[in-house]
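*Asks:* Provided below for reference: sequence and predicted model.
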Amino acid sequence: MSIDNILKKAALMGVGFMSLTEQKLKDLIKELESRGEVSEKEGKDLLKELLDRIEKEKKTVGETIKKGIKEYLGKLDIATKEDVISLKKKVNSLEEKVKELTKAMEE
């Protein structure tokens with residue numbers, strides 16, 4: 001299984017988990033409202049606060065995963081996208097110089 005497939009599956013699992021969590025939170029807050037433990041406004045505020053926290057955590061987890069993957073790939077000594085772009089620029093530059101030298105030699 002490729003790294004891309006693993007990352008896609010992990011992302012989908014994370015989204016599914018977060019959706020489940022949001023629905024469970026809504027259900028819990030509705031239950032608290034029905035029992036009179038929180039008002040409707042308090043319930044909405046609580047839900048918003050909890051969903052904001054979840055969103056922040058998702059971003060943190062995503063950044064941690066990206067950092068870990070970058071470190072892992074660095075240990076494998078695999079070229080990064082930036083490395084490939086840099087090499088393409090160098091190759092293009094060298095191709096232009098070869099064309100110029102070839103043209104100069106023909107004259």
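*Replies:* On my side now, so go ahead.
*Asks:* moving C-terminal of the lengthiest helix in the chain, what's the next helix or strand?
*Replies:* Counting residues, the longest helix in the chain under DSSP state H turns out to be helix 40-76. Per DSSP states H and E, the first helix or strand lying C-terminal to helix 40-76 is helix 81-106.
*Asks:* and the protein, what are its domains?
*Replies:* Per automatic domain parsing, the structural domains of the chain span 3-76, 79-107.
*Asks:* Go through the ones you listed and pick out the most buried.
*Replies:* domain 3-76 (a mean of 12; mean count of other C-beta atoms under 10 Å). No exception for glycine: its C-beta is placed from N, CA and C like everyone else's.
*Asks:* Rounded mean pLDDT for that domain, please.
*Replies:* Domain 3-76 comes out with an average pLDDT of 76.
*Asks:* that older thread, which other helices and strands does the longest helix of the chain contact?
*Replies:* For helix 40-76, the packing partners by 3 or more C-beta pairs under 8 Å, 6 or more residues apart in numbering; DSSP states H and E come out as helix 3-34.
*Asks:* Do you know the pLDDT at the most far-flung residue of the chain relative to its centre?
*Replies:* Largest separation from the mean C-alpha position in the chain: Glu107, at 54.1 Å (C-alpha atoms, centre = their mean). pLDDT recorded at Glu107 is 78.
*Asks:* Distance of the residue positioned nearest the centre of the chain relative to Ser39?
*Replies:* For the chain, the residue nearest the mean C-alpha position is Gly62 (5.0 Å; C-alpha atoms, centre = their mean). For Gly62, the distance to Ser39 (C-beta to C-beta, to the nearest Å) stands at 34 Å.
*Asks:* same check, this time on Leu28
*Replies:* Where Ser39 is concerned, Leu28 sits at a distance of 15 Å (C-beta to C-beta).
*Asks:* One more: Leu47?
*Replies:* Counting by C-beta to C-beta, the gap from Leu47 to Ser39 is 13 Å.
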